[in-house]
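1. Here's a sequence, model it:
(2 chains)
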2 protein chains.
Amino acid sequence: MTSTAEGFGVRLAARVAERESQIVLGLDPDPGRLWPSAAAAASACGSPAEQAATAVTAHCRAAIDAAGPACVAVKPQLACFERLGAPGWMALATVVRYARAAGLLVIADGKRGDIDVSAAAYGQALVGRTPTPFGEVDGLGADAFTASPYMGLDTLETLAVAARGAEAGIFVLVRTSNPGAADLEDLELAAGGTVAERVAALVDGLGRADDGPLAAIGAVVGATAPDQLGRLRELMPRTPFLLPGIGAQGGRVEDLAPVFAAGRAAGLITASRSIVHAHEKAGADPASAARAEAERLRETAWALGADAA
Amino acid sequence: MTSTAEGFGVRLAARVAERESQIVLGLDPDPGRLWPSAAAAASACGSPAEQAATAVTAHCRAAIDAAGPACVAVKPQLACFERLGAPGWMALATVVRYARAAGLLVIADGKRGDIDVSAAAYGQALVGRTPTPFGEVDGLGADAFTASPYMGLDTLETLAVAARGAEAGIFVLVRTSNPGAADLEDLELAAGGTVAERVAALVDGLGRADDGPLAAIGAVVGATAPDQLGRLRELMPRTPFLLPGIGAQGGRVEDLAPVFAAGRAAGLITASRSIVHAHEKAGADPASAARAEAERLRETAWALGADAA
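-> Sure thing, here's the model as predicted:
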């Protein structure tokens, strides 16, 4: 399959250039730690789930208003919405629409992966639509979603087909930012290389169906293991990297230079708590602190990519 | 951490003995392929998503009424509900309550896995509850959920803690039933053994915190690779196995004997399409065909476990 001119890789590169940003605002709202203005926005009636979902929506909208202008995308963490049940899923849909209306791409972060029919259903839920005898049901309308490779190539292929059908992309977990990445992803294989490097080869292969400088099939690569970035870029020369681990997890933007060998849009830097909770360190109001931190990250990363662009 | 007398392993063993069944009814409703009685149950008003969710709920309830008496648990596939948005999540919650009221355990099948805070949020969503300033929000109320090990032990530990806090269990993907399992799970490691065997060791280790003959931390092991069952049982002597791959995927109940070395409750056989779509082969009405097929599986599996129990 060959992607159209509107494939995700092409859209991503255009959006990064237009917004001059590689920053992804992570949205993982904790109902107990919302911005005060958002917590106050919840109406006094409705179930706890409905009130919490209203407050979470207000929080995410305020965060998008504040930090969005310095970002190219948002990344809602699906569990944070699912834990509020149906009202939470409705909040998620509202936040996705709000972010897209603000000119931001949306990366649904649920790390999904399953066999054929179930993988296709995830595609329908996140980026596609579902035919039913009662009419078509729109999915979430995300531009991309994260996926887990554990079950192998057939599961990733089904997700890739679903994504391309919606001109969307996927980001496959390759080498994650958490300490546990050492338990499985870093293991050496008898045939040479690590598990993560084998996954990298699968991801690179999947992305070859896409024309243009960037594939629609991306990789999640933690910013906490900068020594692996060069090797992973070599294995996936046209793959957009989604880079968590900056800030709260200890990664530094300055260490990400090898990623941008494939161009500025080839590295998306996600930051969640370090932006949304910046006021706890900075002492300013939440919106100003978030805006300043997102802009600081944007500038640092953009300067880094100057040679590559 | 030591589990109480009410830990998931203990509950599972008691329920299997009480119901004399190791069969798990998989629920992955396709709105285009519902039982005719269920499709007719959708009201004529509401959005397509609402109508489809009503029909999906009726379908799942009818399937539980028909096949439930021969089963010990149901396994709703989360993507099939998520693709209907908030109404789909509401349908899922209704189906979970209905199954539990019918005396069945519920295994939420979403293959989740993520870093610490996000893993904790999945636990809240599926088996726990979420504290909010507006009151506690109940999760789905499942008895167990499926999890992906790719990101390593820290992610599984967080899920295990969340599960045990709710007297629930998890089933970690170890060696799945799909052809893609060969791409990663079957790879030989430089240090010996396969990736799946390494995961098996992690799962066994995690389960040692549980007292009693069965751990609360289970494993997903496909019935399509019977030659691996003995070795995986050796590596995980007290781990409940969730066994997909029977029926539509080609696995045979008769090949599962090695699993039951750890007792009858140590192997749960899941079947979805082969039960729910049994009428397409059998020619009977959907409910009778589903009941007959579930009972046939139950009898075959129960006879197999007679020596082990």
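2. Distance of residue A:283 relative to chain B?
-> 23 Å (Cβ to the nearest Cβ, to the nearest Å). All C-beta atoms are positioned from the backbone trio N, CA, C, and that covers glycine.
3. ok, for that residue, nearest residue in space, not its chain neighbours?
-> Nearest residue to residue A:283, sequence neighbours excluded (Cβ to Cβ, 6 or more residues apart in numbering or on different chains): residue A:289, at 7.8 Å.
4. which residues touch the one you found?
-> Residues in contact with residue A:289 (Cβ atoms under 8 Å, 6 or more residues apart in numbering or on different chains) are A:278, A:279, A:281, A:282, A:283.
5. Quickly note the distance from the fourth one to chain B.
-> When distance is defined by Cβ to the nearest Cβ, residue A:282 is 21 Å away from chain B.
6. so what's that residue closest to, chain neighbours aside?
-> That would be residue A:289: by Cβ to Cβ, 6+ apart, it lies 4.3 Å from residue A:282.
7. Confidence-wise, which of the contacts of residue A:289 comes last?
-> When these are compared on pLDDT, residue A:282 comes out least confident, at 81.
8. Which strand or helix spans the residue nearest to residue A:283?
-> Assigned by DSSP states H and E, residue A:289 falls within helix A:286-304.
9. And the strands in chain A?
-> A:23-27, A:73-76, A:105-112, A:129-130, A:137-138, A:144-147, A:169-175, A:217-221, A:241-243, A:267-271 (DSSP state E).
10. For residue B:105, which of the ones you listed is the nearest?
-> Closest to residue B:105 of the strands of chain A is strand A:105-112 (Cβ to Cβ; 23.7 Å).
11. so who does residue A:151 touch?
-> Residue A:151 touches A:113, A:114, A:115, B:111, B:173, B:176, B:178, B:180, B:181, B:184, B:185, counting by Cβ under 8 Å, 6+ apart.
12. Just give me the neighbour total for residue A:44.
-> Residue A:44: 6 surrounding residues under other Cβ atoms under 10 Å in any protein chain shown.
13. which phi and psi does it have?
-> Per-residue torsions, residue A:44: phi -80, psi -10 (degrees, to the nearest 10).
14. gap between it and residue A:36?
-> 16 Å (Cβ to Cβ, to the nearest Å).
15. Could you list the low-pLDDT ranges of the stretch 151-300 of chain A?
-> Scanning the stretch 151-300 of chain A for pLDDT under 70 picks out no residues.
16. That one against chain B: which residues are in contact?
-> When proximity is defined as Cβ under 8 Å from any Cβ of the partner chain, the stretch 151-300 of chain A approaches chain B at A:151-156, A:173, A:176-185, A:187-191, A:195, A:198-199, A:202.
17. Quick check on those: which are buried?
-> Among these, those scoring as buried are A:151-156, A:173, A:176-181, A:183-185, A:187, A:189, A:195, A:198-199, A:202 (criterion: 16 or more other Cβ atoms under 10 Å in any protein chain shown).
18. Quick one: mark the members of those that sit in helices.
-> A:153, A:154, A:155, A:156, A:181, A:183, A:184, A:195, A:198, A:199, A:202 (DSSP state H).
19. and which of those residues is nearest to residue B:93?
-> residue A:155 (26.6 Å).
20. Cross-check the contact I'm expecting between the closest one and residue B:178.
-> Yes: between residue A:155 and residue B:178 there is a contact under Cβ atoms under 8 Å: 6.6 Å.
21. Check the contact lists of these two and give me the overlap.
-> With Cβ under 8 Å, 6+ apart, residue A:155 and residue B:178 have common neighbours A:115, A:116.
22. Could you save the contacts of residue A:151 as a markdown table and add columns showing distance to residue B:211?
-> Below are the contacts of residue A:151 laid out as a markdown table (distance: Cβ to Cβ, whole Å):
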| residue | distance to residue B:211 |
| --- | --- |
| A:113 | 33 |
| A:114 | 32 |
| A:115 | 34 |
| B:111 | 27 |
| B:173 | 25 |
| B:176 | 29 |
| B:178 | 34 |
| B:180 | 36 |
| B:181 | 32 |
| B:184 | 33 |
| B:185 | 30 |
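23. now, among these, which is nearest to residue A:128?
-> Closest to residue A:128, out of all of these and judged by Cβ to Cβ, is residue A:114, at 15.1 Å.
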